[in-house]
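>>> model the following, please.
(4 chains)
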There are 2 protein chains.
Amino acid sequence: MRISELARETGVPLATVKFYLREGLVPAGRATSATQAEYDATHVRRLRLVRALVEIGGLPLAAVRDVLAAVDAGPDLSMTAIGTAHAALPPGPPPGTGTERALAVVESFGWSGAGQTNALGRLQAALEAMDAVGLAPDPDRLRTYADAALTVAAADVSDVPAGPVADVVEYIVVGTVLYEPLLLALRRIAQQHLFVTRRPEG
Amino acid sequence: MRISELARETGVPLATVKFYLREGLVPAGRATSATQAEYDATHVRRLRLVRALVEIGGLPLAAVRDVLAAVDAGPDLSMTAIGTAHAALPPGPPPGTGTERALAVVESFGWSGAGQTNALGRLQAALEAMDAVGLAPDPDRLRTYADAALTVAAADVSDVPAGPVADVVEYIVVGTVLYEPLLLALRRIAQQHLFVTRRPEG
DNA sequence: ACAGTTGGAGAGTAGCACTATCCAATATTG
DNA sequence: CAATATTGGATAGTGCTACTCTCCAACTGT
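Numbers count the residues shown, from 1 in each chain, chains lettered A, B, ... in the order given. This next block holds a predicted model:
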């Protein structure tokens, strides 16, 4: 498979494929001559993954690079992989955000071992911003959110397939990113559903 | 309150406040002379809201403008407001995405009245991208996600306070946007928690 | 032999969110 | 009341990201 077929197969513009190759987001093909290289199914897969992370996950290319590095790092443990994925995901917390308050919240749920994820900073930043506009969640609602989050997280980690370590890592990392839009889309649709059924004449 | 105090109060750079005023994201102050204007608490609040939507919600300014318009539209019904908010939220589905598959999924949950939200396009795009990289959710997992989404959505709509219509609309629209990062942060922290407690030596 | 395609590199572009500079008209201070 | 600082407003410029365009010599298929 040559480069233009790779582009056609995935629907990605040729110029963009070349750009990704230059940026190292897709590995180079096997050169068969000075001006020819051969690509295979792994390139198709990787290219689709990059596009999914960008278009669905909304990641900037720099974050895609980090996520792919975590995927490729291989047998470095799942926990590291998930932490790396989280650290690479945008947007990071605004600089200067602490984590004390978020930690207190998390501990009140009895969750442990969350000390090193930057999601804590995001949580705290979100809470502070809500306070600032007067829309902070009450404890009950926060609980509801936490329970829901725990439920989906449990599905996330229990669904990890047996198999080569590289596949497992990819599953975790990519799943973390790609399932977020899924969850958000479902929440919005559910909101609409509830609004409509609540006010039948609305 | 003059412009520089508004900037100091909110921590937003003066040049940025001016920029938002020019863009109409924050309403102009009451002019007291050719080179002076007076700002008040509503300006502080609006400015904080803009920053929250940008920094926490990750919205581009154009989307912020649309969301604010929905907020300000006033007594136009809640359902319209929520639809407007959804339509304004990025990223929209990639152009050319259908909704048939998403509709089938949603109907299998018994959800109705979701025909007009662009979250359907996002759902379908997410499912298709997952398929393309071979990581599509099985029906059970999708169910788990849908149940969790419905749970938080129920909390979202039941928490809407009584009060002036404008406040209700703001609550819905802003809540839709600002609670997303909260949910995602909690999910990530929960994942980490589960991983750590699952493999105590990991 | 020769049009067409390829891999590769460099420069150019478009959109976004600010940020810096300038200005004349006030305000404030000594 | 003079000197200095600040204000609102407009224009232009910056830095970043993610492409996209153009060029080119080396090859390929016919």
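>>> shaky segments in chain A?
By pLDDT under 70, the weakly predicted segments of chain A are A:74-81, A:84, A:113-116, A:165-166, A:198-202.
>>> domain map for it?
Domain segmentation of chain A under automatic domain parsing yields A:1-56, A:57-198.
>>> buried deepest among those domains, which one?
Across the domains of chain A, the average number of neighbours (mean count of other CB atoms under 10 Å in any protein chain shown) peaks for domain A:57-198, which reaches a mean of 19. For the C-beta atoms, the positions are set from N, CA and C on the backbone; glycine is no exception.
>>> nearest to B:A63, of the domains of chain A?
domain A:57-198 (12.9 Å; CB to CB).
>>> is the closest one up against DNA strand C anywhere?
No: on the criterion CB under 7 Å from any atom of the strand, domain A:57-198 is out of touch with DNA strand C, staying 10.8 Å away.
>>> what about that domain and DNA strand D, touching?
Yes: Domain A:57-198 is in contact with DNA strand D by CB under 7 Å from any atom of the strand, via A:59-62.
>>> in helices, which of these fall?
A:61-62 (DSSP state H).
>>> all the helices of chain A, residue numbers only.
Using DSSP H, helices in chain A cover A:3-10, A:14-23, A:41-51, A:61-72, A:78-88, A:100-108, A:119-132, A:139-158, A:165-198.
>>> contacts for the first one?
Counting by CB atoms under 8 Å, 6 or more residues apart in numbering or on different chains, helix A:3-10 makes contact with A:1, A:13-14, A:16-18, A:29, A:37, A:39, A:43-44, A:47-48, A:51, all of which sit outside it.
>>> what's the angle between that helix and helix B:119-132?
Relative orientation of helix A:3-10 versus helix B:119-132 (axes from the mean of the first three to the mean of the last three CA atoms, to 10 degrees): 130 degrees.
>>> check whether helix A:3-10 comes near DNA strand D.
No: using CB under 7 Å from any atom of the strand, helix A:3-10 never reaches DNA strand D; the gap is at least 10.9 Å.
>>> that helix near DNA strand C at all?
Yes: legend: contact between helix A:3-10 and DNA strand C by CB under 7 Å from any atom of the strand is shown at A:3-5.
>>> and the two most separated of the residues of domain A:57-198 next to DNA strand D?
Going by CB to CB, the pair spanning the residues of domain A:57-198 next to DNA strand D furthest: A:L59 and A:A62, at 8.4 Å.
>>> pull the CA atoms of stretch A:162-176 into PDB?
Listed next in PDB are the C-alpha coordinates belonging to stretch A:162-176 (Å, rounded to 0.1, in the frame of the first residue of the first chain):
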ATOM      1  CA  ALA A 162      -6.900 -10.100  28.300                       C
ATOM      2  CA  GLY A 163      -4.300 -10.000  25.600                       C
ATOM      3  CA  PRO A 164      -0.900  -8.600  24.700                       C
ATOM      4  CA  VAL A 165       0.100  -5.800  27.000                       C
ATOM      5  CA  ALA A 166       0.300  -3.300  24.200                       C
ATOM      6  CA  ASP A 167      -3.300  -3.900  23.300                       C
ATOM      7  CA  VAL A 168      -4.300  -3.600  26.900                       C
ATOM      8  CA  VAL A 169      -2.600  -0.300  27.200                       C
ATOM      9  CA  GLU A 170      -4.100   1.000  24.000                       C
ATOM     10  CA  TYR A 171      -7.500  -0.100  25.200                       C
ATOM     11  CA  ILE A 172      -7.100   1.800  28.500                       C
ATOM     12  CA  VAL A 173      -5.600   5.000  27.100                       C
ATOM     13  CA  VAL A 174      -7.800   5.200  24.100                       C
ATOM     14  CA  GLY A 175     -10.900   4.200  26.000                       C
ATOM     15  CA  THR A 176     -10.200   7.000  28.500                       C
END
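>>> just how off-centre is it within its chain?
Relative to its chain's centre, stretch A:162-176 lies at 13 Å (CA atoms, centre = their mean, to the nearest Å).
>>> what residue lies at the spatial centre of chain A?
A:V177 (1.6 Å; CA atoms, centre = their mean).
>>> would you confirm that that one contacts A:G57?
Yes: the criterion here is CB atoms under 8 Å, and A:V177 meets it with A:G57 at 4.1 Å.
>>> who touches both of those two?
With CB under 8 Å, 6+ apart, A:V177 and A:G57 have common neighbours A:L89.
>>> quick one on the thing from earlier: which ones, among the contacts of helix A:3-10, also lie beside chain B?
A:48, A:51 (CB under 8 Å from any CB of the partner chain).
>>> just send the contacts of helix A:3-10 back as TSV, with distance to A:G98 too.
Shown next, in TSV, are the contacts of helix A:3-10 (distance: CB to CB, whole Å):
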residue	distance to A:G98
A:M1	51
A:P13	44
A:L14	47
A:T16	40
A:V17	43
A:K18	44
A:G29	47
A:A37	50
A:Y39	47
A:H43	43
A:V44	44
A:L47	40
A:R48	39
A:R51	36
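>>> which among the contacts of helix A:3-10 gets closest to B:T144?
A:R48 (25.1 Å).
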